[in-house]
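fold the following for me, if possible:
(chains A and B)
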Amino acid sequence: MSASVHAGRGEEIIRVNDLRILFPTGKRRETVKAVDGVSFSVMRGETLGIIGESGSGKTTIGRALVALVSPTDGEILYDGVSLASLSSRDLRERRRDFQIVFQDPNAALNPRLKILDSVMEPLQIIGGHDKAYYRRCSLEALNRVGLPCEFAERYPHQLSGGQKQRVNIARVLTVRPRVIVCDEVVAALDVSIRGDILNLFADLQSEFGLTYIFITHDLSVVAHISDRVAVTYLGRFMEVGGTDEVTNKPLHPYSEALMSAEPVPLPSYMRKTKRLQLRGEIPSPIDPPSGCRFRTRCPYSQQRCEFEIPKLRELRPGHWVACHLATTDGSPSELPAIFVPTNQPSQ
Amino acid sequence: MHVARACLLNQAPLRIMTTAGGTLLLDVKELSMSFKTSAGWLSVTRDVSFSIKPGERVGLVGESGCGKTVTGLSIMKLLPLDTTCLTGEIWFQGRNLQALPEREMRLVRGRDIGMIFQEPMSALDPVFTVGHQIAEAYTSHFTCSRAEARERALIALESVGIPLPSRRCDEFPHQLSGGMRQRVMIALALICKPKLLIADEPTTALDVTVQAQIIELLCDLSEKSGTALLFVTHDLGVVAETCNRILTMYAGEIIEDGPVDSALATPLHPYTSGLLRSLPRLTERRARLSSIPGRVPPAGLMPSGCRFSPRCNYMAARCEQEQVLTVVADDLLRKVRCHRYDELNLPGAIQ
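Below is the predicted model:
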């Protein structure tokens, strides 16, 4: 694929080339194809949202970006430097540039460490200063995420879910990262405090010029915070483009189905009545369908979809889609007459 | 003595409940619940009163820790007897379940009231086939041959949209996907054709596309068989797409009760309004999201007066006084527990 694939505007900070991550299943010659040929770039200061159902490989992409799993094939470049080419010592040095915040704020904190000790840990690992400095930096970070000093001496069980997630964010901030991978960071929180945490992420981004990879299954969160969105399905990108374009006028039938499946908290007289329903569930990534991965659930699938893997095509400026049938006019659902659905949803 | 007899008469099995809207299927009256802890009895819910008409779909929403799940469990009387104190009345089809002995309650559970839980994997028994478990739900209430029970299990599996039911019937829960397992749970809950189905976060563990399928299935089945639905969830979007009525719970109390459309468009309680306003979908992209400051007070540390007042932007002096769920003067279908509801003009789901 060409170097400019799925690039936004600005200075490139991350480039992922044809990333493949396979996991062994324990049986010979059988692998889980968690990520199967994904390429993208992330610009400095932007937020890339990655959405998809469970099993679509979005979390694996996030973990690979912070070198927690190593790619089976393909490469991840930070500022043009491949992670795989670094020695373990250099990798450790560079790790402070890219950090990750996990989904479950409880599991991410050691219950036996005081908050301050948890927050100080990354700095101590990097080393180079004395303890008073680590302490000062940590208290500053806690303060920045809205936790007063007295929280530093508490244990995780004394904090609410939202406060724990703030601690996790503070811990990441201490090492002054440039990229933060946010893996379902608000999924475990109550709706009433989600807004606070998302606001905090937005503030930190403008203050520190951070770049975010926002991984979530929640469309409303992605639509709110991201500049660009990538829709994943069975380890591949189905569609990549600007948030407004993808959420308002998706080109891929899968994106369209995802958008329409999202329950809308509006009175019945304001909701669209008909929704495109997807039948069945995501197939196993051990043995994904041939050709287009989505064809088994796609209402418009044709014979061609079975044999030919659709490539990501740039149908509109900056808006890429991997579907044979999508055109510049829209997704296959908008094409009349010629493309009568052949694979009508039925069971 | 006379008082005691009057009480007994009052709980006679053939009490008929009527309101302006017709016969009620479920009528919960002033249900209060306390849990026994090392620090003594802790009040968990207080004066929960609501009713469900036959075939009605009611959503029960609130943050975690508001008492939604325990309210669902208390109707089924699934809470441990020795550590729970339950007062109030649960009238269901003319009987007060609260006063029903356990032996008779067992006949109601599963047959007249079905229940679906959030996590289907832990609700299904891993060592029995799904067909066996569904058939068991039927044979524990009705006498029939094993062949007939299996036949009914197959029909139930088919009605919830499971392909190849005769094959799936002999599979174990771990062989099914999350969505399939939740369909099995629904088949199991509905095989005795209950009048009321309590669904506790049935789609929270599922993907959006599967969630949409399950919601459609529940609405379909409820419409076809006239089963009433009590849908416990934190997701206002799901309630909007599934239910006719919405009950908002906060800190163990029902604070708003009304038709879904009007509650979403013009919420009357600041808490319902706050929940709606904190949804990213309803906010302009990249704009500041609103949130409700603070958190639900833990049981035992409830503020006096209005329990929401410490987090409420509209708090006034009289909010320190107790208040009750009152019927709204100009819309008799709605109830709210707020002193100031008629003077506030709260933002809802529509800008």
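
which bits of the stretch 1-150 of chain A sit near chain B?
A:Glu53, A:Ser54 (Cβ under 8 Å from any Cβ of the partner chain). Placement of C-beta: from N, CA and C, glycine included.

would you pull up the residue in the stretch 1-150 of chain A closest to chain B?
At 4.0 Å from chain B, A:Glu53 is the closest residue in the stretch 1-150 of chain A, using Cβ to the nearest Cβ.

isn't that residue up against B:Leu206?
No - counting by Cβ atoms under 8 Å, A:Glu53 does not reach B:Leu206; the two are 9.3 Å apart.

residue contacts, A:Val172?
By Cβ atoms under 8 Å, 6 or more residues apart in numbering or on different chains, the residues touching A:Val172 are A:Gln99, A:Ile100, A:Val101, A:Pro122, A:Ile180.

any idea which element whatever residue of the stretch 101-250 of chain B ends up closest to chain A lies in?
Minimum separation of the stretch 101-250 of chain B from chain A (Cβ to the nearest Cβ) falls at B:Gly237, amounting to 3.2 Å. Per DSSP states H and E, B:Gly237 falls inside helix B:236-242.

any part of the lengthiest helix in chain A near chain B?
Looking across chain A with DSSP state H, the single longest helix is helix A:191-208. Yes - against chain B, helix A:191-208 shows contacts by Cβ under 8 Å from any Cβ at A:Val191, A:Ser192, A:Ile193, A:Arg194, A:Gly195, A:Asp196, A:Leu198, A:Asn199, A:Ala202.

could you dump that helix to PDB, C-alpha only?
Output of helix A:191-208 as PDB, limited to C-alpha atoms (Å, rounded to 0.1, in the frame of the first residue of the first chain):
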ATOM      1  CA  VAL A 191     -23.200   7.700  32.300                       C
ATOM      2  CA  SER A 192     -23.400  10.500  34.800                       C
ATOM      3  CA  ILE A 193     -19.600  10.800  35.100                       C
ATOM      4  CA  ARG A 194     -18.500   9.700  31.600                       C
ATOM      5  CA  GLY A 195     -18.900  13.300  30.500                       C
ATOM      6  CA  ASP A 196     -16.400  14.400  33.100                       C
ATOM      7  CA  ILE A 197     -13.700  11.900  32.000                       C
ATOM      8  CA  LEU A 198     -14.200  12.700  28.300                       C
ATOM      9  CA  ASN A 199     -14.000  16.400  29.100                       C
ATOM     10  CA  LEU A 200     -10.700  15.800  31.000                       C
ATOM     11  CA  PHE A 201      -9.300  13.900  28.000                       C
ATOM     12  CA  ALA A 202     -10.200  16.800  25.700                       C
ATOM     13  CA  ASP A 203      -8.600  19.400  28.100                       C
ATOM     14  CA  LEU A 204      -5.400  17.300  28.400                       C
ATOM     15  CA  GLN A 205      -5.100  17.000  24.700                       C
ATOM     16  CA  SER A 206      -5.200  20.800  24.100                       C
ATOM     17  CA  GLU A 207      -2.900  21.400  27.000                       C
ATOM     18  CA  PHE A 208      -0.200  18.900  26.300                       C
END
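
return the distance of stretch A:148-160 from the chain's centre.
On the basis of Cα atoms, centre = their mean, to the nearest Å, stretch A:148-160 sits 29 Å off its chain's mean C-alpha point.

what's the answer for stretch B:51-67, then?
On Cα atoms, centre = their mean, the centre of stretch B:51-67 falls 4 Å from that of its chain.

what's the first-to-last distance across it?
The first residue of stretch B:51-67 is 17 Å away from its last residue (Cα to Cα, to the nearest Å).

kindly report the same for stretch B:181-197.
By Cα to Cα, one end of stretch B:181-197 lies 17 Å from the other end.

likewise for stretch B:340-347?
This stretch, stretch B:340-347, spans 15 Å end to end (Cα to Cα).

what about it, near chain A?
No - shown here: stretch B:340-347 not in contact with chain A (Cβ under 8 Å from any Cβ), separated by at least 13.0 Å.

and that stretch, what's buried?
By neighbour count on 16 or more other Cβ atoms under 10 Å in any protein chain shown, the buried set for stretch B:340-347 is B:Arg340, B:Tyr341, B:Leu344, B:Leu346.

for residue 55, list the residues it contacts.
I'll assume chain A. Applying Cβ under 8 Å, 6+ apart, the residues contacting A:Gly55 are A:Leu234, A:Ile282, A:Pro285.

hm, I was asking about chain B
B:Ser222, B:Glu223, B:Gly226, B:Thr227, B:Ala228.

what's the neighbour count on residue 205?
I'll assume chain A. A:Gln205 has 17 neighbours, counted by other Cβ atoms under 10 Å in any protein chain shown.

the intended chain is chain B.
As a burial measure, B:Ala205 scores 18 neighbours (other Cβ under 10 Å).

any idea whether it is helix, strand or coil?
The three-state label given to B:Ala205 by DSSP: H, G, I helix; E, B strand; the rest coil is coil.

would you check that it makes contact with B:Ser122?
No - with contact defined as Cβ under 8 Å, B:Ala205 does not reach B:Ser122; the gap is 10.1 Å.

contacts for the helix holding B:Gly237?
So helix B:236-242 is contacted by A:191, A:262-268, A:271, B:57, B:59, B:61, B:203, B:211, B:215, B:218-219, B:229, B:231, B:233, B:246, B:260, B:264, B:275-276, B:279, B:281, B:349 (Cβ under 8 Å, 6+ apart).

7 Å instead, please
A:263-266, B:57, B:59, B:61, B:203, B:215, B:218-219, B:231, B:233, B:246, B:260, B:264, B:275-276, B:279 (Cβ atoms under 7 Å, 6 or more residues apart in numbering or on different chains).

next SSE after that helix?
Next helix or strand after helix B:236-242 toward the C-terminus (DSSP H and E): strand B:245-250.
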